[in-house]
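J.: Predicted coordinates and the sequence they were generated for:
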Amino acid sequence: MKQILLFIALFTIFSASLQSQSLEEADRLLAGKKYKEAAAIYYQQHYFNKAIQTWQMEIDALVKAKKPQEAELLKPLQKQAEKLARMVSRCEDIQIIDSVIVDKKSFLKAYFVGDETGTFEQKNNTVVYENQLKDKRFFGKINENGLFRLYSQVKIQDNWAENKLLNLTSDNEANDNYPFVMPDGLTIYYASTGNGSIGGYDLFVSRYNLANDTYLTPNQLSMPFNSVYNDYMMVIDEVNGIGYFASDRFQPDDKVVVYTFIPNNVFKPLNNQDERTLRNRALITSIRDTWRPGVDYKSMLAKIKSDIEKEQNKIIKDFTFVINDNTVYHTLTDFKSDAAKNSFLKTKEMENNIKSLEDRLDAQRKEYSKADNAKRQSLMAPIIANEQRLETLYNSLKILTIETRNSEIRYLRINN
């Protein structure tokens with residue numbers, strides 16, 4: 001089984017390198033009896049029925065050549081393609097208002113949501129989601145096995161409690177990441193490389209069970225939300241009737257495309273469509289193909305964004321800093337104490353230093369993962385030193401933040 005899973009993983013890496021290959025190229029390879037290469041392109045281009053047929057040709061050729069073990073390794077790929085063909089046939093009929101290609105490191109800038117939806121921060125290859133009340137947050141964090149798992153924190157008075165691992169169904173060798181929780185506080189969308197993922201990250205939804213502090217078995221979202229690429233960070237703004245998700249399908253390594261869509265109240269599959277149409281809708285080859293006749297989607301999107309801007313502009317928010325349960329500051333002029341204001345500016349400077357060090361450490365870790373043993377030896381010491389420095393900065397920031405808050409509270413008590 002492990003050998004088969006490894007083969008599938010290697011195939012995924014191989015087929016990802018074929019993103020730019022065309023259907024015509026696959027047909028040419030098929031005509032030349034290069035079945036494996038042709039099947040990989042069909043698969044990556046979402047022509048799964050063609051991939052199934054072509055892999056069968058390769059399996060038959062291997063059996064004829066008395067290579068049964070190699071033929072056996074192709075059967076899980078064929079099974080996966082069969083699953084994907086079924087998913088394409090059940091592609092959901094959603095209206096995609098817009099799509100924008102953005103830098104992967106700052107993709108959240110394309111998410112435009114109202115205050116009721118909560119806030120998001122991109123940090124350390126995950127997203128920290130905080131609810132509207134700012135008393136609970138969810139995020140991905142690497143565990144002792146080097147895998148992302150989802151955690152939550154609750155705020156008790158002015159302090160965040162310890163991280164709590166979400167009791168989700170997880171694969172032992174997969175990542176769970178990029179969480180978003182609906183305003184009901186129970187429904188969670190997240191991305192996982194396990195649970196039957198068809199690509200890298202797939203989008204899933206689950207619901208918290210209050211009775212036993214667990215989450216229900218996650219449901220894999222349909223196409224076009226999921227693909228054989230990485231699909232993640234589903235966010236739904238119920239108030240404004242809009243949703244977002246990100247995907248790296250057909251994008252360079254440093255880019256993702258963020259899709260803006262109108263969420264359906266219930267699942268609506270595309271019906272009575274031919275294979276090519278279903279494939280194109282599953283891959284989102286054209287957002288115009290998802291539009292309804294006579295609907296002005298540009299005006300609709302402009303109005304939604306305008307309504308959200310009006311909502312957000314009611315209060316000018318340069319930042320959000322909680323003083324106590326009843327007081328939240330959003331600008332420097334909110335501070336009454338000069339000492340607290342200066343202390344707060346130091347926290348912002350420290351946050352910038354932390355971000356710079358996190359970026360440097362991330363680059364060092366990537367270099368380490370690709371280096372040979374000799375190079376790794378030279379990289380190990382600076383990585384450990386920066387990790388220790390980062391831990392010190394985290395602790396210093398926590399202490400300084402508490403001092404800033406207490407300084408302002410003391411001033412308010414004395415002068416009010």
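T.: Structure's in. What do you need? Numbers count the residues shown, from 1 in each chain.

J.: Can you get me the start-to-end distance on stretch 230-244?
T.: 14 Å (CA to CA, to the nearest Å).

J.: and that stretch, which residues are buried?
T.: Going by neighbour count (16 or more other CB atoms under 10 Å), the buried part of stretch 230-244 is 230-237, 240, 242-244. From N, CA and C alone the C-beta is placed, and that goes for glycine too.

J.: Where does the prediction get shaky in this structure?
T.: 1-21, 314-316 (pLDDT under 70).

J.: Against which helices or strands is the lengthiest helix in the chain packed?
T.: Identified as the longest helix of the chain according to DSSP state H is helix 373-415. Secondary-structure packing of helix 373-415 (3 or more CB pairs under 8 Å, 6 or more residues apart in numbering; DSSP states H and E): strand 321-324, helix 338-370.

J.: got the angle between that helix and helix 338-370?
T.: 160 degrees (axes from the mean of the first three to the mean of the last three CA atoms, to 10 degrees).

J.: May I ask which two of the buried residues of stretch 230-244 are separated the most?
T.: Greatest spacing in the buried residues of stretch 230-244, by CB to CB: N230 and N240 (26.1 Å).

J.: can you list the buried residues of stretch 230-244 in a markdown table and add distance to Y215?
T.: Output for these, formatted as a markdown table (distance: CB to CB, whole Å):
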| residue | distance to Y215 |
| --- | --- |
| N230 | 22 |
| D231 | 20 |
| Y232 | 18 |
| M233 | 18 |
| M234 | 16 |
| V235 | 18 |
| I236 | 18 |
| D237 | 22 |
| N240 | 27 |
| I242 | 25 |
| G243 | 21 |
| Y244 | 22 |
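
J.: Inside strands: which ones of those residues?
T.: Among the buried residues of stretch 230-244, the members found in strands (DSSP state E) are 231-237, 242-244.

J.: Run a quick neighbour tally on E309.
T.: Neighbourhood size, E309 [other CB atoms under 10 Å]: 11.

J.: er, D372 actually
T.: 7.

J.: Just list the residues touching the nearest residue in space to N386 that is not next to it in sequence, thanks.
T.: Nearest non-adjacent residue to N386, counting by CB to CB, 6 or more residues apart in numbering: L361, 4.8 Å away. Contact partners of L361, counting by CB atoms under 8 Å, 6 or more residues apart in numbering, are 383, 386-387, 390.

J.: could you redo the last one with a cut-off of 10 Å?
T.: Contacts for L361 (CB atoms under 10 Å, 6 or more residues apart in numbering) come out as 124, 382-383, 385-387, 389-390.

J.: Can you tell me which of those residues is closest to Q95?
T.: Distance to Q95, by CB to CB, is smallest for N124 among those, at 34.0 Å.

J.: so where do the helices sit in this protein?
T.: Remark: helices assigned in the chain by DSSP H are 2-16, 23-31, 35-44, 48-64, 68-89, 275-283, 297-312, 338-370, 373-415.
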